[in-house]
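K.L.:
make a model of this:
(3 chains)
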Amino acid sequence: MSDPMQEIMASFFIECEELHESLVDALQLLADGESDIETINVAFRAVHSIKGGAGAFGLDALVDFAHQFETVMDACRSGTLSIDTPLNELFLRCSDMLSDLIRCSRDGEDVDAATSTGLIAELSGYVPSEDEGEVEEIEFQPMVLDLGELGPGSDALPMDLPPLDLPSLDDSDETEAPELGPSDKARLAVEFRAEGELYESGNEPLFLIKALADLGRCETKLTLDPPKSIDDLNTLGSRLSWNIVVETDMPPTAVHEIFEFAEGLCKLNVVAIPGSAAALTKDVSTEVPVEAAESSAPAPAEAQSSNTPDAPAAAPAPASKPEEPAPIPKPAAAKAPEKAATTPPKTSPTVRVDLERIERLVNLVGELVINQAMLSQSIAEENIPPNSPVSAGLDEFMQLTRNIQESVMMIRAQPVKSLFQRMSRIVRESSAAVDKTVKLVTDGENTEIDKTAIERLADPLTHMIRNAVDHGLEDAETRIAQGKSKQGEIKLRAAHKSGRVLIEVSDDGAGINREKVKSKAMEKGLIPDEAILSDSEIDQLLFLPGFSTATEVSNLSGRGVGMDVVKTQITSLGGRVTIESTPGAGTTFAISLPLTLAVLDGMVITVAQETLVIPLNAIVETLSLSVDDLKPVAGGQSVLCVREQFVPVLDLGVELGYREEAPMQDGTIALLISPEEGVLVALLVDTIEDQRQVVIKGMQESYGRVPGVAAATILGDGQIALILDPNDLVQNATGDDLVITQKKAS
Amino acid sequence: MSLSVLAVDDSRTMRDMINLALRTEGFDVHLADDGEHGLEVLDDIDPDVIITDINMPRLDGFGFIDAVRLREDTRTTPILVLTTESSAELKTKARTAGATGWIVKPFAQDKLVRALKMVAG
Amino acid sequence: MSELKDAQTSDSASSTQTEYLSFRIGDSEYSVEIMSVREIRGWTRTTSLPHAPHFVRGVINLRGTVLPVVDLALRLGLDASEPEERNVIIVVDVGTRVMGLRVDAVSDILAFSDDQLQPPPDMTSKSRFVRALTILDDRMVRILDLAAVLPSNEEIAA
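P.N.:
Okay, here's the model as predicted:
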């Protein structure tokens, strides 16, 4: 079994992420001018909880930072400090630092101490950190758990108490303390008189006396004051006092520790009686007047209304067992008022599940889908009439399978919110780096998408955002000259659209400088000098490998990553990227992704006796060819003329190495695919078998990457079929020249 | 016979820790996410002692203690406040709210157990 | 073939002995450590992988996972026959990878102690797949180095 503290720590870091998310949310609301006190409360609580947990694990750097952060927020909360723009910006930077500290603590990495210290100093500028003395008082010690020490060794268990020598209430007229005769042992004389509030606050003299007995043998005398008036009769509690002599070497402070909670609610005198040799000295005398606390004001009336508090009842009967806190019967009516005031919980209950279990479920459902396909196939082969009960049952089975599959996939779905929050940080950091003021507007944060997709979108999105800040948005002067606001705006939007997830990154910048892009591409030899390209074709050049528009490498986007990498990353998720740009008004990158990464709509085809699957979203059109349709160009390369466009032709069987090049037959099928916007390639295949959803099986782990192949699936006959990656296939087959050649031609 | 404890804290980590610390000591532990939830749990169980955080959403620790003290069945149930501050001010505040005692976070297991025994046997 | 597991556990060979599964490729006998054998399956048609090394026959469906199959004869540079129904696929675990090995037939479970094994005399490129040799009843048994047999990343990428 794994260490429970390790598990709690792991879950703490997950909680930290959630808390940080709500912190960022709240700070964003505050930045947008929200002034609800609950918003700052949420932010405060998030930092506070992070501090609390971090303290328990001895994560000092995190605790120190969170503490100062929380202190300033507390001042805002209590109204002594108001949140203006610079303070909110500081909070946001601190929230970034907090996130770093959490990550470093989790991964055991070194913390950027300089930044942390700097921010703490900035925070201290708002609310000075407390002086040394008080800081020390906050005991941040790593929690130490004694696991499995439940045995008889545990001396604090109530069962092990020595019998208390309590006199009965009949001795009530005796007022003197127990005899303090000479003894070899050091003793403490404790005089304790409970005030009414002691009982009101839930304290119980019996337990305190029992705790005293843990220090050593006790001699106890109980005194009941005679009632001063008839009203006193019912407030028995405050008329009881105890005189206890404890045989112990402990200092009087040990008694005060025991009575810590009772202090202020009782009269307490502790006198040390040294062993016979030493003199009797009065060590400590504590007599705290009862606080006139507002909330305890109605206490006497309450005490009268009910019977006596349970404490006096317990005191004269020391044998009464600790598990008997004199339960008062619950009148049903007593619960009702509170219930009426409570609002129903807003959040639906959740269960945390190990991702591995979900993976297993996803795999099993995948098996189910495959099995169902096999069953359908065998039933089809039996030539069973479609209206037979078997066919009807199968239809229902298929429907159920699909529903189960969708439901299981939904388990993995998560809102894109966390991803968007990370991007707000990217915007902050990147705009600061290039000295632009940029506002990030997000929309559709609750749109859900597969968890893996969320993780794998972080890199491409980061790059796109940096690009937008660096190249998309103009600098302040240019913007003002253009009549735009000084502050640039980047929009991040997510939405579900016809079974896919759409994510858009748009800026209100200058738009793509197409002249510059084109000349750059020519300069780099990516396109021929005389190429005539449409606007959208020029925009597509951004995705070519090795393309970078930055005239000088800035410290932001000049990291050797181009938009081609972004495109590859999106494509590997089964997605597509498109660009839309209007000069002077801005640029929008739209990413379209499948809802889940586990299934895919595919076309099942055969070529050279091999069965393959081609993602449906890659196929533009299917054509049945006659021999005359192909026009040889040179060197075995042929083109197909589709609507006055020359389309290069690839024989899939040859490309995959399944067969030698052979003359084309009539009836050969061509699949038109579009690896890039405005570019067409024809893939020759033998037959089209089916169009259906397939379960994706990764090959990366079991074998490795196969060029032109995205993954594998299992078909109805139990055979594995490869799922092609048409774009990769085209690139491997031809290099990029093909695409460029075609551009030249068009 | 084990003591039953209701621990109210909005931090999952803190709840996990209290749960672990007290279960290994043989307590019967019930957990709630915030004050509102704590009151709901009190409809079903009658704990020997209640531990509560102060800063919580929906209903904070002070409000929760007030409500607990107003209920007939929990009027004298010992309540320990979990707090990260040990300032005298906070103790006074907890006391005024009607708490029995306090535990400073992060707590050591033995301290927590000792505090529980001081108020609930 | 299902009794293989039993043989492995019931055989109380002395602790210094290691058990090996031996099999036939053509006329030669090879073996692998039994601890790395997961299961033995009858031959099924493989799905070819484009651009794969010639000794990789393709992939098969092993209860819902994709299992690459190496043709040992091709891998060891022996004369390879076309796969037949009676051929078998030995599913082996090598580190984090699971692969199928196509062999002609499984023959026996053998136990050797380390001192019975001899290193192969000549470390030419072909013999790098053989970790050790031993003689059993006048037969030579070759013990394979599975890590070397499996296609390396370079071979896959090539």
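
K.L.:
which secondary structure element is home to the closest residue to chain C within chain B?
P.N.:
Here chain B gets closest to chain C at one residue, residue B:16, 32.6 Å apart by Cβ to the nearest Cβ. (Each C-beta comes from the backbone N, C-alpha and C, glycine too.) For residue B:16, the enclosing helix or strand under DSSP states H and E is helix B:12-23.

K.L.:
just after that helix, pick out the following helix or strand.
P.N.:
Counting by DSSP H and E, the next helix or strand C-terminal to helix B:12-23 is strand B:28-32.

K.L.:
quick one: that following strand near chain A?
P.N.:
No. If you take Cβ under 8 Å from any Cβ of the partner chain as the test, strand B:28-32 misses chain A, and the best it gets is 10.7 Å.

K.L.:
show me the shaky parts of chain B.
P.N.:
B:1, B:85-90, B:106, B:121 (pLDDT under 70).

K.L.:
just the element for the most centrally placed residue in it, please.
P.N.:
With distances taken as Cα atoms, centre = their mean, residue B:51 lies nearest the centre of chain B, 0.9 Å away. Here residue B:51 sits within strand B:49-53, counting by DSSP H and E.

K.L.:
rewinding a little: how near is the residue of chain B closest to chain C to residue A:66?
P.N.:
Note on residue B:16: its distance to residue A:66, by Cβ to Cβ, to the nearest Å, is 19 Å.

K.L.:
more crowded one of the two?
P.N.:
residue A:66 (27 against 22; other Cβ atoms under 10 Å in any protein chain shown).

K.L.:
list the contacts of the more buried one.
P.N.:
The contact partners of residue A:66, taken as Cβ atoms under 8 Å, 6 or more residues apart in numbering or on different chains, are A:47-48, A:50-51, A:54, A:98, A:101.

K.L.:
phi, psi for residue A:479 please.
P.N.:
Residue A:479 adopts backbone torsions of phi -60, psi -40, taken as degrees, to the nearest 10.

K.L.:
using the three-state scheme, assign the closest residue to it other than its chain neighbours.
P.N.:
In this structure, residue A:479 finds its nearest non-sequential neighbour in residue A:486, 5.9 Å apart by Cβ to Cβ, 6 or more residues apart in numbering or on different chains. Classification of residue A:486 by DSSP: H, G, I helix; E, B strand; the rest coil places it in coil.

K.L.:
surely the residue nearest to the centre of chain B and residue B:18 touch.
P.N.:
Yes. Counting by Cβ atoms under 8 Å, residue B:51 touches residue B:18, with 6.5 Å between them.

K.L.:
which neighbours do those two have in common?
P.N.:
B:5, B:7, B:9.

K.L.:
ok, the residues you listed vs residue A:377, which is closest?
P.N.:
Nearest to residue A:377 among those, counting by Cβ to Cβ, is residue B:9 at 56.0 Å.

K.L.:
that closest one and residue B:18 touch, don't they?
P.N.:
Yes. Using Cβ under 8 Å, residue B:9 is in contact with residue B:18, at 7.0 Å.

K.L.:
need the residues touching each of those two.
P.N.:
By Cβ under 8 Å, 6+ apart, the residues touching both residue B:9 and residue B:18 are B:31, B:51.

K.L.:
contact partners for the closest residue to chain C within the stretch 251-400 of chain A?
P.N.:
The nearest approach of the stretch 251-400 of chain A to chain C comes at residue A:367, 5.0 Å away (Cβ to the nearest Cβ). Residues near residue A:367 by Cβ under 8 Å, 6+ apart: residue C:64.

K.L.:
redo that, cut-off 10 Å
P.N.:
The contact partners of residue A:367, by Cβ atoms under 10 Å, 6 or more residues apart in numbering or on different chains, come to A:695, A:714, C:63-64.

K.L.:
and what of residue A:395?
P.N.:
Going by Cβ under 10 Å, 6+ apart, residue A:395 touches A:376, A:386.

K.L.:
secondary structure element for it?
P.N.:
According to DSSP H and E, residue A:395 maps onto helix A:389-412.

K.L.:
and that helix, which residues are buried?
P.N.:
The neighbour-count check on helix A:389-412 (16 or more other Cβ atoms under 10 Å in any protein chain shown) flags A:394, A:401, A:405, A:408-409, A:412 as buried.

K.L.:
near chain B too, which of those residues?
P.N.:
Among those, no residue lies close to chain B (Cβ under 10 Å from any Cβ of the partner chain).

K.L.:
can you put these in TSV and add distance to residue C:99 and pLDDT?
P.N.:
As requested, the buried residues of helix A:389-412 are arranged in TSV below (distance: Cβ to Cβ, whole Å; pLDDT from 0 to 100):
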residue	distance to residue C:99	pLDDT
A:394	36	85
A:401	31	83
A:405	30	78
A:408	29	80
A:409	30	75
A:412	29	77
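
K.L.:
helix or strand with the lowest mean pLDDT in the chain?
P.N.:
Picking chain A for this. Ranking every helix and strand in chain A by mean pLDDT, DSSP states H and E puts helix A:132-137 at the bottom, with a mean of 37.

K.L.:
next SSE downstream of that one?
P.N.:
strand A:187-194.

K.L.:
helices or strands up against that next one?
P.N.:
Packing partners of strand A:187-194 (3 or more Cβ pairs under 10 Å, 6 or more residues apart in numbering or on different chains; DSSP states H and E): helix A:205-215, strand A:218-224, strand A:240-247, helix A:252-258, strand A:266-273, strand A:281-287.

K.L.:
for those, which one sits closest to residue C:139?
P.N.:
The closest of the helices and strands packed on strand A:187-194 to residue C:139 is helix A:205-215. By Cβ to Cβ, the value is 79.1 Å.

K.L.:
tell me what angle that closest one forms with strand A:187-194.
P.N.:
Angle, helix A:205-215 to strand A:187-194, by axes from the mean of the first three to the mean of the last three Cα atoms, to 10 degrees: 170 degrees.

K.L.:
same for helix A:205-215, what does it pack against?
P.N.:
Contacts defined by 3+ Cβ pairs under 10 Å, 6+ apart place helix A:205-215 against strand A:187-194, helix A:196-200, strand A:218-224, strand A:240-247, helix A:252-258, strand A:266-273, helix A:310-314, helix B:109-120.

K.L.:
now tabulate those in JSON lines and tack on mean neighbour count.
P.N.:
Listed next are these as JSON lines, based on neighbours: other Cβ atoms under 10 Å in any protein chain shown:
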{"stretch": "strand A:187-194", "mean neighbour count": "23"}
{"stretch": "helix A:196-200", "mean neighbour count": "23"}
{"stretch": "strand A:218-224", "mean neighbour count": "21"}
{"stretch": "strand A:240-247", "mean neighbour count": "22"}
{"stretch": "helix A:252-258", "mean neighbour count": "18"}
{"stretch": "strand A:266-273", "mean neighbour count": "21"}
{"stretch": "helix A:310-314", "mean neighbour count": "19"}
{"stretch": "helix B:109-120", "mean neighbour count": "21"}
